[in-house]
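Asks: Provided below are the primary sequence and the corresponding predicted coordinates.
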Amino acid sequence: GQSLEQPSEVTAVEGAIVQINCTYQTSGFYGLSWYQQHDGGAPTFLSYNALDGLEETGRFSSFLSRSDSYGYLLLQELQMKDSASYFCAVRDGNNYGQNFVFGPGTRLSVLP
Amino acid sequence: GAVVSQHPSRVICKSGTSVKIECRSLDFQATTMFWYRQFPKQSLMLMATSNEGSKATYEQGVEKDKFLINHASLTLSTLTVTSAHPEDSSFYICSARGSTGSYEQYFGPGTRLTVT
């Protein structure tokens, strides 16, 4: 079956660095995405990794290790507005690789 | 960036009635649209994938006769919840992809459905 695991909650202070891990077990794998969702809002795309390694986009970086079925989202210089839920999502082999399976989400709280 | 709209944003309906939710890609042609359901503080659960001009592909456990999906054009997909019941109350979110090879999905703002 398909399963993704993430920590349910993470708390950090402004200016700190936070890493949110994601492990997955899926039938097929094309890539790993990360999405941010504020309460009551829609998910917004943050990053996508298809190959091993680190992708950096501003304060956010995402890492993938396909051999370990593992990835993480790294948030640097945390700001209050980063308080949100973060979902990893695997683009799996179903439906010709069109589908994404979402993880349970990690709720990040940034404290002043 | 690509914009996806949903209408309505909130709807309250009585048990037994049907509700239609529209999902539109405003500035691009969406070859594929996805419909998700999200319960409070939970993850997004894929309900179905729809490609323009063809029947939707439903995920296991999703009743296709209850959740009718139509993707009539490259900019519009609709989800109709038929004979709604209180347990159908949820946040329904659509997303759209512009090309088959693209990995990025653009999400709509979601529709909060409450069935009384």
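Replies: Received it, and whenever you're ready, just let me know what you need.

Asks: how about the residues of chain B near chain A?
Replies: Residues of chain B lying close to chain A by CB under 8 Å from any CB of the partner chain are B:32, B:34, B:36, B:41-46, B:49, B:57, B:93, B:95, B:97, B:100, B:103-110. Placement of C-beta: from N, CA and C, glycine included.

Asks: Can you select the buried ones from the residues you listed in PyMOL?
Replies: Buried residues among the residues of chain B next to chain A (16 or more other CB atoms under 10 Å in any protein chain shown), as a PyMOL selection:
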select buried, chain B and resi 32+34+36+43+44+45+46+49+57+93+95+97+103+105+106+107+108+109+110
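
Asks: ok, B:V115 to B:G61 distance?
Replies: 19 Å (CB to CB, to the nearest Å).

Asks: now B:T31
Replies: On the measure of CB to CB, B:T31 and B:G61 end up 25 Å apart.

Asks: got it, and A:T11?
Replies: 34 Å.

Asks: of those two, who's got more company?
Replies: A:T11 (12 against 7; other CB atoms under 10 Å in any protein chain shown).

Asks: what about that one, helix or strand, and which?
Replies: Element membership of A:T11 [criterion: DSSP states H and E] is strand A:9-13.

Asks: what pLDDT, on average, does the helix or strand that that strand is followed by get?
Replies: Moving toward the C-terminus from strand A:9-13, the next helix or strand (DSSP H and E) is strand A:18-25. What strand A:18-25 shows for mean pLDDT is 97.

Asks: excluding its backbone neighbours, what's nearest B:H71?
Replies: Once flanking residues are discounted, B:H71 sits nearest to B:S50: 3.9 Å by CB to CB, 6 or more residues apart in numbering or on different chains.

Asks: in the chain, what spans have low per-residue confidence?
Replies: In the absence of a named chain, chain A is used. Residue ranges of chain A with pLDDT under 70: A:1, A:95-97.

Asks: let's do chain B instead
Replies: Using pLDDT under 70, chain B drops low at B:1, B:99-102.

Asks: can we see that at 80?
Replies: Under the criterion pLDDT under 80, the flagged ranges of chain B are B:1, B:53, B:98-104.

Asks: check contacts around B:M33.
Replies: B:23, B:25, B:49-50, B:71, B:77, B:94-97 (CB atoms under 8 Å, 6 or more residues apart in numbering or on different chains).

Asks: Where does chain B get nearest to chain A, which residue?
Replies: Residue of chain B nearest chain A, by CB to the nearest CB: B:F107 (4.1 Å).

Asks: is that residue in a bridge, and if so with what?
Replies: B:S95 (DSSP bridges).

Asks: Ok, A:F60 next?
Replies: Under the criterion used (DSSP bridges), A:F60 bridges to A:T57, A:L75.

Asks: Is it correct that it is in contact with A:F45?
Replies: No - using CB atoms under 8 Å as the test, A:F60 is too far from A:F45 to be in contact (11.1 Å).
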